[in-house]
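> Would you be able to build a 3D model of this:
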Amino acid sequence: MTATDSAELLAAITWAGAGSTTREDYLDVLIEVLGRLIPSDGVAWSRVDFANRTATAYGEPFGSLPALVAPGMVDLIGDNPMMRSYWADVMTRRQDRPPRRMSDVTTPREYHETVTYKTVLHPLGAESELTILAHQTGLLSGGTWIFSRPEADDFSDDDVALAARLQPLLVLISSSGVLGGDDEASRDAGILASVTAMPEPHDDYDLTGRELQILGLLAHGLTAAAIGRYLRISDRTVRKHLENSYRKLHCSDRLVAVDRARAAGLLPKLPIVPPSAEARES
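Next up is the predicted model:
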């Protein structure tokens with residue numbers, strides 16, 4: 001591919017949404033252009049919401065449906081070497097999330113032994129994989145561009161370098177809201193901040209850092225079960241922390257607890273949006 005060809009395709013990405021009326025139309029254009037930039041047998045955009053246990057994919061090789069909602073896929077996230085790699089970035093506070101190949105994060109033998117490969121990727125013919133993270137919203141949640149090839153024909157170092165140059169543009173597209181609502185993005189930003197930052201204990205109310213962290217996630221509408229999935233602790237442990245927080249804040253209701261904590265300046269000044277109906281379920 002010549003420099004001129006690359007410049008033209010990059011320009012095409014920039015203006016891809018000009019005539020698009022729906023998210024699917026916009027994604028169709030992006031998939032076509034990205035597939036020409038990084039030759040692949042499959043290009044797909046995927047979004048995972050770990051709190052609500054939903055996974056949505058659009059493009060090939062995930063099928064011809066406009067959106068494939070697969071809650072069961074979330075159960076396999078911990079088994080996916082690629083997702084574990086991004087998870088490690090968050091936990092080690094790594095600021096950049098560069099594109100990566102499956103071969104960068106695991107060996108072929110380990111990859112072929114995963115449930116993800118055996119039950120999902122292999123049947124779809126996705127043998128080699130390259131991903132570009134465009135939107136990080138939690139430990140294992142966000143939007144990702146996935147490039148795949150059916151045979152053991154791995155992506156080259158040049159492909160990875162090009163993916164790194166494309167990443168800022170794809171991040172900008174995601175942040176524009178065209179692939180997701182502004183309210184959702186606002187809530188996600190607050191959840192990510194609450195998950196990755198452990199507050200200092202508050203002496204006035206004798207609240208521990210973990211109790212404040214859980215209150216922060218509670219303020220974003222997450223249930224005890226969702227909080228447990230984000231923090232990798234049990235529902236029972238979450239509820240115990242909440243009981244301690246309620247006692248220290250002299251209340252017995254989650255809404256009152258959040259209101260008192262915010263009024264006392266215990267919670268970060270982050271935009272709070274109403275939780276989804278599913279997130280409100282107990």
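> Buried ones in the longest helix along the chain, by neighbour count?
The residue-count maximum for a helix in the chain (DSSP state H) belongs to helix 157-175. Within helix 157-175, the residues that qualify as buried are Asp159, Val160, Leu162, Ala163, Leu166, Gln167, Leu170, Val171, Ile173, Ser174, counting by 16 or more other C-beta atoms under 10 Å. Backbone N, C-alpha and C define where each C-beta goes, glycine included.
> Format those residues as a markdown table; extra columns: pLDDT.
Below are the buried residues of helix 157-175 laid out as a markdown table (pLDDT from 0 to 100):
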| residue | pLDDT |
| --- | --- |
| Asp159 | 95 |
| Val160 | 95 |
| Leu162 | 91 |
| Ala163 | 93 |
| Leu166 | 88 |
| Gln167 | 88 |
| Leu170 | 84 |
| Val171 | 81 |
| Ile173 | 76 |
| Ser174 | 76 |
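> Looking at the residues you listed, spot the one nearest Thr131.
Ala163 (8.3 Å; C-beta to C-beta).
> measure the residue lying closest to the closest one once chain neighbours are set aside to Ile214 for me?
Nearest non-adjacent residue to Ala163, counting by C-beta to C-beta, 6 or more residues apart in numbering: Pro99, 3.7 Å away. Distance, Pro99 to Ile214, by C-beta to C-beta, to the nearest Å: 33 Å.
> So which of these two has more stuff around it?
Comparing Pro99 with Ile214 by other C-beta atoms under 10 Å, the one with more neighbours is Ile214, at 28 against 24.
> and Ala164, how far is that from Thr131?
For Ala164, the distance to Thr131 - C-beta to C-beta - is 12 Å.
> Overlap in contacts, those two.
Common neighbours of Ala164 and Thr131, counting by C-beta atoms under 8 Å, 6 or more residues apart in numbering, are Pro99.
> What is the neighbour count of Gln254?
Quick fix: residue 254 is Arg, not Gln. Quick note: Arg254 (other C-beta under 10 Å) scores 18 neighbours.
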